[in-house]
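Student: the following block contains a protein sequence and its predicted model.
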Amino acid sequence: MSRTQRSRFLPRRRILLPVMLVSLFSISSLVASAQEMRVALVIGNGRYQHIPTLVNPLNDAEDMAAALKDDGFTVTLLTDASRKAMEQAVRAFATV
């Protein structure tokens, strides 16, 4: 490669390196913030007003909450929650 050809590539290198570093920093910041926001809301309702009590929703919710905790999630578990309690939990979860 001649000296003239090399000199044409130098400005590109000078621009490319900072762009790559900024991109790498941005990606690593996104990954870090994504890892920090591992939250879950698990609701298991087995008691209803007009049908017999269901056993599986409670067991399933507890099992799911345990599995998510094992994977590093911060879990909010509601069981047999009222409509008001569920709405409050969803609102709180939305602001996390």
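Tutor: Nice, I can see it. None of these values were measured; they are calculated from a predicted model.
Student: what about the helices in this protein?
Tutor: 3-36, 56-70, 83-94 (DSSP state H).
Student: contact partners of stretch 87-96?
Tutor: With CB atoms under 8 Å, 6 or more residues apart in numbering as the test, stretch 87-96 has contacts from 37, 39, 41, 43, 76, 78, 81. C-beta: built from backbone N, CA, C; applies to glycine.
Student: contacting residues around stretch 63-72?
Tutor: 38, 40, 42, 44, 75, 77.
Student: separate out the buried members of those.
Tutor: Among the contacts of stretch 63-72, the ones that count as buried by 16 or more other CB atoms under 10 Å are 40, 42, 44, 75, 77.
Student: straight-line length of stretch 46-55, end to end?
Tutor: One end of stretch 46-55 to the other measures 6 Å (CA to CA, to the nearest Å).
Student: tell me which residues in it are buried?
Tutor: In stretch 46-55, counting by 16+ other CB under 10 Å, buried: Gly46.
Student: can we start the residue count at 691 from this point?
Tutor: Shifting the count to begin at 691 puts that one at stretch 736-745.
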